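**Q** here is my input; please provide its structure:
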Amino acid sequence: MVDVCTYQKTKFKSLDAVVLENESVRAVILPGYGGKMVSFFDKEADYEWLYQTDRPNLEIPPYGADFSNYDSSGFDEMFPGIDKGPHPTDWKEIPDHGEVWTLPWEYKATHDGVSLEVHSPEFPYALKKKICLHGHGVTIKYEAINKSDEPFPFIWTPHALLNLNEHTAIEVPEDLNQVMNVEKGSQHLGDWGTPHAYPETKSAKTGNTIDLSQLEPMEEGTAEKFYFTEPLSKGWCSLVQPDVNRKLMYRFPETKVPYLGVWKTRGGYRGEHNIALEPCTGVYDDVYLAEKIGKVSYIPAHGSYTWTLNIETGGL
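**A** Sure, this is the predicted structure:
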């Protein structure tokens, strides 16, 4: 079978959109809104993997906006950091959720998909990505370019909020057995920085054993984020959806993307119910802190840093 990917322009919730589609999957991308992917539809299972907003129209945020005040659906990039705070090279402030999620990306069609590019208005970098569909999934090839004379420390992670229900489960490499909580006020995981065994640990709220690879009950209204404390030995993670007999597998080079975080909310953040698997180039959310503890990646001076994210659907 020849894998043919089509490209077309359309509108999505009043914004200009690009649609990539083959026999198995369909992806919708908004170049003007941070280059984010707002739909990743599994045609074989008739299932939408990305969390969807019920807003009839989307509003593009201004630069430096507070992420919590805007739409959180879909898959955007967090770069060159996650938390609002100073960048270690010159103390300029990185906005909340990074810079590029609010910026318009230049884009053009390619023979097998679409390429996008954005240049920082404040920092000496450009970020490029090429998106193409392949069989049952999508491949995104990234290149971060440093225009300065000094190495540029950064954190990148895909902020892809995924749909969930009571059946959803997480799969990670078997040697990952400890996490650290980074969600302030977490009900089950305690104070920021608290370590826990994975997958089973004791709830700081109840003292009962909980399974972090599963979801908290909907009525608890929780919001949890944790990182695995050790670098990855294998570059993969999965979201399993048994009720539709499908899983979503992420694959990435662990030498370039060595860490993994997980976000889960069961109503504890803006009443939303979604989950995110976040392979990343540094921890823990703050670039300044990450450099201090030696857990950050660098774009070489006048050089580039490249990596790939492969997202594939499949049966159980």
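
**Q** now the closest residue to Val4 other than its chain neighbours: phi and psi?
**A** Excluding its sequence neighbours, the residue lying closest to Val4 (CB to CB, 6 or more residues apart in numbering) is Asn22, at 6.2 Å. Heads up, the C-betas are built off the backbone N, CA and C, glycines and all. Dihedral angles of Asn22 (phi, psi; degrees, to the nearest 10) stand at phi -130, psi -160.

**Q** cool, and Ser68?
**A** Dihedral angles (degrees, to the nearest 10) for Ser68: phi -70, psi -10.

**Q** if I look at the closest residue to it other than its chain neighbours, how far off is Lys11?
**A** Spatial nearest neighbour of Ser68, excluding adjacent residues (CB to CB, 6+ apart): Arg270 at 7.0 Å. With distances taken as CB to CB, to the nearest Å, Arg270 is found 26 Å from Lys11.

**Q** which stretches in the stretch 151-300 of the chain count as helices?
**A** For the stretch 151-300 of the chain, applying DSSP state H, counting those that start in this stretch gives helices covering 287-292.

**Q** what distance do you get for the residue lying closest to Trp192 once chain neighbours are set aside to Ala223?
**A** Closest residue in space to Trp192, ignoring its immediate chain neighbours: Lys184 at 5.4 Å, by CB to CB, 6+ apart. For Lys184, the distance to Ala223 equals 10 Å [CB to CB].

**Q** ok, back up a step: wait, isn't the residue nearest to Ser68 in contact with Tyr70?
**A** No: between Arg270 and Tyr70 there is no contact under CB atoms under 8 Å: 10.8 Å.

**Q** those two - which one has more neighbours?
**A** Higher neighbour count among Arg270 and Tyr70: Tyr70, with 17 against 10, using other CB atoms under 10 Å.

**Q** surely that one and Glu59 touch.
**A** Yes: contact criterion CB under 8 Å: Tyr70 and Glu59 qualify, at 6.9 Å.

**Q** Tyr107 pairs with what?
**A** Leu116 (DSSP bridges).

**Q** burial measure for it, as a count.
**A** Tyr107: 20 neighbours (other CB under 10 Å).

**Q** residues touching it, list them.
**A** Val18, Ile29, Pro31, Gly35, Val114, Ser115, Leu116, Glu117 (CB atoms under 8 Å, 6 or more residues apart in numbering).

**Q** between the residues you listed, which sits nearest Thr157?
**A** Proximity of the contacts of Tyr107 to Thr157 (CB to CB) peaks at Gly35, which lies at 14.8 Å.

**Q** pull the number of nearby residues for that closest one.
**A** By the criterion of other CB under 10 Å, Gly35 has 27 neighbours.

**Q** try Lys202
**A** Neighbour number of Lys202 under other CB under 10 Å is 15.

**Q** what's the answer for Pro195, then?
**A** Neighbours around Pro195, by other CB under 10 Å: 14.

**Q** returning to what we had before: just to check, the residue nearest to Trp192 is in contact with Gly190?
**A** No: using CB under 8 Å, Lys184 is not in contact with Gly190, being 10.5 Å away.

**Q** between those two, tell me which one has more neighbours.
**A** Just comparing Lys184 and Gly190: by other CB under 10 Å the higher neighbour count belongs to Gly190, 17 against 9.

**Q** got the contact list for that one?
**A** Gly190 touches Asn181, Ala204, counting by CB under 8 Å, 6+ apart.

**Q** do the same with the one 10 residues further on
**A** Taking CB under 8 Å, 6+ apart as the definition of contact, the neighbours of Glu200 are Thr209, Ile210, Asp211, Leu212.

**Q** repeat for Val296
**A** Val296 touches Pro153, Phe154, Ile155, Thr281, Gly282, Val287, Ala290, counting by CB under 8 Å, 6+ apart.

**Q** quickly list what the residue lying closest to Thr194 once chain neighbours are set aside is bridged to.
**A** Distances taken as CB to CB, 6+ apart put Asn181 closest to Thr194, at 4.7 Å, once the chain neighbours are dropped. Following DSSP bridges, Asn181 is listed with bridge partners Phe226.

**Q** and what of the one 5 residues further on?
**A** Under DSSP bridges, the beta-bridge partners of Ser186 are Gly190.

**Q** same deal with Pro158?
**A** Bridge pairing for Pro158 - DSSP bridges - gives Glu77.

**Q** same check, this time on the one 4 residues further on
**A** Listed by DSSP bridges, the beta-bridge partners for Leu162 are Leu50, Ile275.

**Q** residues in contact with Pro242?
**A** Residues counted as contacts of Pro242 (CB under 8 Å, 6+ apart) are His167, Ala169, Leu316.

**Q** skipping its backbone neighbours, what lies nearest the first one in space?
**A** Nearest residue to His167 in three dimensions, chain neighbours excluded: Asp243, at 4.4 Å (CB to CB, 6+ apart).
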